[in-house]
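Novice: below: sequence and its predicted model.
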Amino acid sequence: MAANPKLTERMREASKRAAKRDIEAARLAALGDGTTSDAEKTGKSAGNGRTKGHNNATMSRYAHREKFVKDMKKNYTIVAPQMSPIHLSLVESVIRSGGYKFDVLKHASRADVETGLKYVNNDACYPAIMVIGQLIDAILEGKYDPDHVALAITQTGGMCRATNYFGLIRKALIDAGYPQIPIIAISTQGLEDNPGFKATVPMLHRAVKALILGDLLMKCLYRVRPYEVEKGSANRLYEQWDTIVRETIEHHGYSKTGAKTPWLKKGWLPYPTLAKEIVKSFDALPLKDIPRKVRVGVVGEILVKYQPDANNHVVDVIESQDCEAVVPGIMEFMTTKPYITDWNEHNLGMGGNQFAYA
């Protein structure tokens with residue numbers, strides 16, 4: 001059936017009018033000073049006399065974005081949500097080594113989840129609700145000065161809702177009354193412009209090493225903890241290594257704690273030495289001479305897999321049931337894409353891996 005020319009033309013005109021209305025509303029939102037147009041003052045706008053902005057059904061209210069500029073680096077604290085305590089403890093030191101004031105929120109409470117439900121569409125996934133609630137709650141509770149804080153979130157550019165976190169956080173901040181807080185999208189793909197934050201090549205290099213060492217610490221800890229002779233000894237050893245690794249990241253391979261530790265007595269710990277010493281120390285930990293326990297794998301969404309507050313401390317539950325938890329490393333997640341590309345090339349004849357990887 002042929003389209004009705006008159007109906008099609010009317011639809012085009014209506015679309016143009018709606019576009020103009022949204023552009024004008026976005027312009028007013030960007031001013032940020034409560035300016036109203038003449039149509040709004042006279043109550044004769046296209047919306048039957050209703051003002052634009054807060055009550056407008058469009059997203060124009062959230063169009064303005066505060067950027068993290070270079071001048072903010074000295075006085076602003078960058079705050080990131082928790083995802084994996086073992087790994088992000090080291091990543092925190094990586095970003096601090098770049099000259100930034102950077103904090104990772106340690107725990108997510110039930111109150112954080114409730115805050116997330118308040119400010120995030122309930123169609124969003126549970127990790128989004130927890131992450132955004134954790135960030136907003138930190139501001140609402142007064143842990144940080146809203147005029148000297150920026151929020152950070154990683155962006156993968158993939159298909160899952162993690163790609164939408166930036167927009168969801170911005171919306172939540174505006175709804176909570178903090179439109180002045182900038183949001184930094186930490187990404188190598190340039191999804192958002194952050195002139196005051198640059199992920200340099202040395203920083204990325206340190207970040208990769210931090211994630212690999214985080215995987216190593218996590219696997220060593222979970223492997224020996226169910227068999228430790230002295231309860232708590234594995235956790236204490238991990239905490240010592242967490243301090244040492246953080247110091248080597250921030251001080252270019254040197255650790256004051258490592259130099260003073262009786263069983264180590266090494267201050268200079270380059271990456272290969274660090275990895276070997278970590279494995280050696282966990283191998284030397286006194287363990288019970290018993291058969292290997294039942295191993296239970298933990299898989300799933302990346303945040304829920306690694307964040308104890310999101311998975312109801314599943315590793316502790318597994319170990320309390322006289323089993324051994326096995327959690328895949330984060331680097332295994334990071335290298336999934338090149339492995340999939342390589343598999344597709346060899347088995348399906350699709351594409352090809354453009355990068356050399358080990």
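Specialist: Yep, it's here.

Novice: what is the end-to-end distance of stretch 290-308?
Specialist: Start-to-end span of stretch 290-308 (Cα to Cα, to the nearest Å) is 28 Å.

Novice: correction: stretch 76-87
Specialist: 23 Å.

Novice: quick one, strands of this protein?
Specialist: In the chain, the strands defined using DSSP state E lie at 77-80, 101-104, 149-154, 183-186, 295-297, 324-326.

Novice: let's have those in CSV, adding distance to Gly116 and mean pLDDT.
Specialist: Placement of C-beta: from N, CA and C, glycine included. Output for these, formatted as CSV (distance: least, Cβ to Cβ, whole Å; pLDDT from 0 to 100):
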stretch, distance to Gly116, mean pLDDT
strand 77-80, 15, 96
strand 101-104, 17, 96
strand 149-154, 13, 92
strand 183-186, 16, 87
strand 295-297, 28, 98
strand 324-326, 27, 98
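
Novice: okay, these in CSV with distance to Leu213 and mean neighbour count next?
Specialist: Below are those laid out as CSV (distance: least, Cβ to Cβ, whole Å; neighbours: other Cβ atoms under 10 Å):
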stretch, distance to Leu213, mean neighbour count
strand 77-80, 19, 21
strand 101-104, 16, 18
strand 149-154, 19, 22
strand 183-186, 19, 21
strand 295-297, 22, 13
strand 324-326, 19, 18
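
Novice: save the ones you listed as JSON lines, and put in distance to Gly214 too.
Specialist: Below are the strands of the chain laid out as JSON lines (distance: least, Cβ to Cβ, whole Å):
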{"stretch": "strand 77-80", "distance to Gly214": "15"}
{"stretch": "strand 101-104", "distance to Gly214": "12"}
{"stretch": "strand 149-154", "distance to Gly214": "15"}
{"stretch": "strand 183-186", "distance to Gly214": "16"}
{"stretch": "strand 295-297", "distance to Gly214": "19"}
{"stretch": "strand 324-326", "distance to Gly214": "16"}
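
Novice: of all those strands, which lies closest to Ala63?
Specialist: Closest to Ala63 of those is strand 183-186 (Cβ to Cβ; 14.0 Å).

Novice: if we can go back for a sec, quick one: closest of the strands of the chain to Ala111.
Specialist: strand 77-80 (16.7 Å).

Novice: got any ranges where this structure has weak pLDDT?
Specialist: 1-12, 14-15, 18-19, 22-23, 25-60, 156-162, 188-192, 351-358 (pLDDT under 70).

Novice: count of residues packed around Asn312?
Specialist: 9 (other Cβ atoms under 10 Å).

Novice: same question for Lys198.
Specialist: Residues near Lys198, counting by other Cβ under 10 Å: 10.

Novice: give the burial count for the residue lying closest to Thr261 once chain neighbours are set aside, as a bare number.
Specialist: Using Cβ to Cβ, 6 or more residues apart in numbering and skipping the chain neighbours, the partner closest in space to Thr261 is Gln240 (6.7 Å). Gln240 sits with 16 neighbouring residues when counted by other Cβ under 10 Å.

Novice: for the residue nearest to Lys118 when sequence neighbours are not counted, give me its contacts.
Specialist: Nearest residue to Lys118 in three dimensions, chain neighbours excluded: Gly133, at 7.7 Å (Cβ to Cβ, 6+ apart). Going by Cβ atoms under 8 Å, 6 or more residues apart in numbering, Gly133 touches Ala108, Asp112, Val113, Glu114, Thr115, Gly116, Leu117, Lys118, Tyr119, Val120.
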